[in-house]
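Engineer: Pasting a predicted model and its sequence here:
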Amino acid sequence: MNSFGRIFRITIFGESHGAGVGVIVDGCPAGLPLAAEDFSADIERRKGGTQKGTTPRQESDLPIFKSGLFNGRTTGAPITILFENNNTRSSDYEKLRAVPRPGHADFVAHQKFGGFEDYRGGGHFRGRLTVALVAAGVIAKKLLKTVQTEVAARIIEIGGLTDHEAGLQRAIDAKDSVGGIVECRVLDLPASLGEPFFDSVESQIAHIVFAIPAVRGVEFGTGFAAAKMFGTEHNDAIQNKEGKTVTNHAGGVVGGISNGNELVLRIAIKPTSSTPKEQHTLNVETGKMENFSVKGRHDLCIALRVPVVLEAVTAIVLTDFLLLEQRISRVLPTDEN
């Protein structure tokens with residue numbers, strides 16, 4: 001439901017317009033140095049209002065640690081981190097009780113929870129909760145560095161264009177929204193992580209990737225383009241005993257298990273469902289369809305804020321695998337930090 005992971009296990013909580021959102025990180029090794037400053041760079045990358053095409057809503061997003069830290073290091077107990085909500089405009093969402101927004105979870109949330117859901121700002125379904133994923137990712141990325149593994153993501157396409165500015169301008173000119181494609185690469189990932197079938201590297205990453213709102217698809221390596229290739233084209237010839245390959249069409253995973261090459265994946269992000277353009281949808285009180293436009297503060301392109309979130313969820317999965325394989329110690333020696 002709201003938890004993910006086996007040893008490195010995260011639980012997210014909160015609502016977009018509630019008192020706050022947060023994360024509980026269980027299974028983090030003891031002895032990891034951790035301070036609020038460690039979160040600043042990634043939290044800033046996720047924020048709205050700091051770049052063209054993102055929502056004007058801004059929150060300070062200072063992490064408040066409630067448990068799991070003592071004298072600047074993790075204790076091995078669950079780490080609880082809270083982010084307060086201070087910049088909300090809940091009145092923008094009053095009409096949602098009668099007119100659920102197309103593309104949003106308003107209708108299904110009402111059906112699922114019988115009208116008891118917090119509908120303000122999308123409640124528990126909103127991208128606001130990705131700040132909790134990013135916070136857990138900061139911890140995971142610090143742990144990956146103890147084994148010299150690095151995770152980095154970037155936008156490679158906006159609105160169908162590799163020219164990001166031009167892609168954004170399409171949305172501005174149309175008074176609409178656009179999606180994008182985000183790529184993540186993992187360097188120096190050890191071989192033999194993952195299991196065949198249900199606990200493969202791909203299946204675990206795909207599982208958590210769809211916790212990022214607006215994700216519509218994921219591919220590894222060559223991805224869907226592999227369907228157009230010959231087998232001899234797609235096969236990656238092995239160069240040496242370490243498993244280094246001449247090409248990397250597999251994206252660093254074969255048989256569900258990491259092969260020691262760069263892990264490469266991409267995700268497709270849909271256009272933001274909230275758009276100023278008028279739409280036609282159902283009024284559940286009247287039972288009739290009517291013209292409707294979404295009010296509030298929203299992103300023209302939500303993909304702009306996704307790279308750091310993709311890094312975070314990828315790091316969470318890989319940290320869990322490394323702890324399962326005992327590649328990361330449950331107590332970190334001082335010289336590893």
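Structural biologist: Yes, it's here. Numbering: from 1, shown residues only.

Engineer: Next, please give the residue ranges for the helices of the chain.
Structural biologist: Taking DSSP state H as the criterion, the chain carries its helices at 40-46, 106-113, 130-145, 164-174, 201-209, 231-234, 307-324.

Engineer: and those, which one is worst for confidence?
Structural biologist: Mean pLDDT per stretch puts helix 106-113 lowest among the helices of the chain, at a mean of 84.

Engineer: Sort out which residues of it are buried, please.
Structural biologist: Neighbour-count burial for helix 106-113 flags Asp106, Phe107, Ala109, His110 (criterion: 16 or more other Cβ atoms under 10 Å). Placement of C-beta: from N, CA and C, glycine included.

Engineer: Turn these into a markdown table, including distance to Asn283.
Structural biologist: Below are the buried residues of helix 106-113 laid out as a markdown table (distance: Cβ to Cβ, whole Å):
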| residue | distance to Asn283 |
| --- | --- |
| Asp106 | 12 |
| Phe107 | 12 |
| Ala109 | 17 |
| His110 | 13 |
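
Engineer: Return the closest of the residues you listed with respect to Ala136.
Structural biologist: The closest of the buried residues of helix 106-113 to Ala136 turns out to be Ala109 (Cβ to Cβ; 23.7 Å).

Engineer: pLDDT weak spots in the stretch 1-150 of the chain?
Structural biologist: Low-confidence segments of the stretch 1-150 of the chain (pLDDT under 70): 48-59, 87-96, 121-123.

Engineer: if we go to 80?
Structural biologist: Counting by pLDDT under 80, the stretch 1-150 of the chain contains low-confidence residues at 16-18, 48-60, 87-97, 117-126.

Engineer: show me where it has strands.
Structural biologist: In the stretch 1-150 of the chain, the strands defined using DSSP state E, counting those that start in this stretch lie at 3-4, 9-14, 20-26, 64-67, 69-70, 73-74, 79-84, 150-158.

Engineer: Using JSON lines, lay out these together with mean neighbour count.
Structural biologist: Output for the strands of the stretch 1-150 of the chain, formatted as JSON lines (neighbours: other Cβ atoms under 10 Å):
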{"stretch": "strand 3-4", "mean neighbour count": "16"}
{"stretch": "strand 9-14", "mean neighbour count": "21"}
{"stretch": "strand 20-26", "mean neighbour count": "22"}
{"stretch": "strand 64-67", "mean neighbour count": "13"}
{"stretch": "strand 69-70", "mean neighbour count": "15"}
{"stretch": "strand 73-74", "mean neighbour count": "20"}
{"stretch": "strand 79-84", "mean neighbour count": "21"}
{"stretch": "strand 150-158", "mean neighbour count": "18"}
